[in-house]
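K.L.:
Sequence isn't available, so here's the structure alone:
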């Protein structure tokens with residue numbers, strides 16, 4: 001059985017994606033620390049999420065304190081805020097897993113794939129933080145509004161990329177605890193696929209008027225043996 005840290009810090013936890021993950025994990029018994037640039041705003045956000053999820057296990061703190069207090073940290077901020085956020089909390093991440101959900105969307109052309117320097121956001125995060133932090137990429141292709149709605153069954157698989165297989169397995173378990181099926185998808189460089197797919201899904205949502213298109217992996221594990 002995978003040992004999963006029970007206290008999760010979510011940087012950017014007041015947005016729909018971070019809030020959705022916070023509420024779903026809190027409902028599964030995890031302690032959640034919502035991070036914000038302002039401590040008072042973080043506490044207000046936490047109070048709101050507790051009410052929406054009918055729990056009392058979500059607290060709010062300024063980003064650096066949230067990262068320090070947590071056993072595992074999730075980054076759910078816009079692309080433009082990724083590196084500045086990591087610069088702020090870098091010292092608090094040593095020895096921890098960082099789940100990076102960053103997608104390289106560049107407004108106004110969010111339906112066009114943008115490849116950042118270095119190939120992917122998650123790979124850039126791993127290079128910036130160094131080997132003392134285990135960066136895992138996940139959750140880029142799940143509609144934030146679906147995550148935020150606890151009555152909605154998330155019908156979308158999650159691709160999990162990272163250089164450390166044990167860290168990936170922790171995130172696979174966390175996805176399951178949030179009601180999603182996740183798959184090991186290789187090393188951190190492979191995150192480019194999930195990150196780029198987000199723009200394609202946004203385009204498809206618009207073209208076909210879909211409420212949150214997502215990915216599904218076909219096939220049965222072990223069927224080729």
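P.N.:
Thanks, I have the structure now. Keep in mind the model is a prediction, meaning the values are calculated, not measured.
K.L.:
Poorly predicted segments of this protein, please.
P.N.:
Counting by pLDDT under 70, the chain shows low-confidence ranges at 1-2.
K.L.:
quick one, helices of it?
P.N.:
With DSSP state H as the criterion, the chain has helices at 16-27, 39-53, 63-69, 82-89, 121-129, 144-148, 165-177, 191-208.
K.L.:
Let me know which of these is tucked in deepest.
P.N.:
With neighbours defined by mean count of other CB atoms under 10 Å, none of the helices of the chain is more surrounded on average than helix 16-27, at a mean of 24. Placement of C-beta: from N, CA and C, glycine included.
K.L.:
what does it contact?
P.N.:
For helix 16-27, contacts defined as CB atoms under 8 Å, 6 or more residues apart in numbering pick out 8, 10-13, 32, 34, 45, 49-50, 52-53, 55, 57-58, 74, 76, 101, 139, 142, 144-150, 174, 177-179.
K.L.:
ok, now with 6 Å
P.N.:
Contacts of helix 16-27 from elsewhere in the structure, counted by CB atoms under 6 Å, 6 or more residues apart in numbering, are 8, 10, 12-13, 32, 34, 49, 53, 55, 57-58, 76, 144-145, 147-148, 150, 178.
K.L.:
do stretch 38-57 as well
P.N.:
For stretch 38-57, contacts defined as CB under 6 Å, 6+ apart pick out 14, 19, 22-23, 26-27, 31, 34, 36, 58-62.
K.L.:
7 Å instead, please
P.N.:
13-14, 19, 22-23, 26-27, 31-32, 34-36, 58-62, 150 (CB atoms under 7 Å, 6 or more residues apart in numbering).
K.L.:
Derive a ChimeraX selection command for the buried subset of these.
P.N.:
Of these, the buried ones can be selected in ChimeraX as follows, counting by 16 or more other CB atoms under 10 Å:
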select :13,14,19,22,23,26,27,31,32,34,35,36,58,59,60,61,62
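K.L.:
from the contacts of stretch 38-57, which ones fall inside strands?
P.N.:
31, 32, 34, 35, 36, 58, 59, 60, 61, 62 (DSSP state E).
K.L.:
Quick one: the helices of the chain as TSV, columns for distance to residue 183 too.
P.N.:
Formatted as TSV, the helices of the chain follow (distance: least, CB to CB, whole Å):
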stretch	distance to residue 183
helix 16-27	18
helix 39-53	26
helix 63-69	27
helix 82-89	24
helix 121-129	16
helix 144-148	18
helix 165-177	7
helix 191-208	11
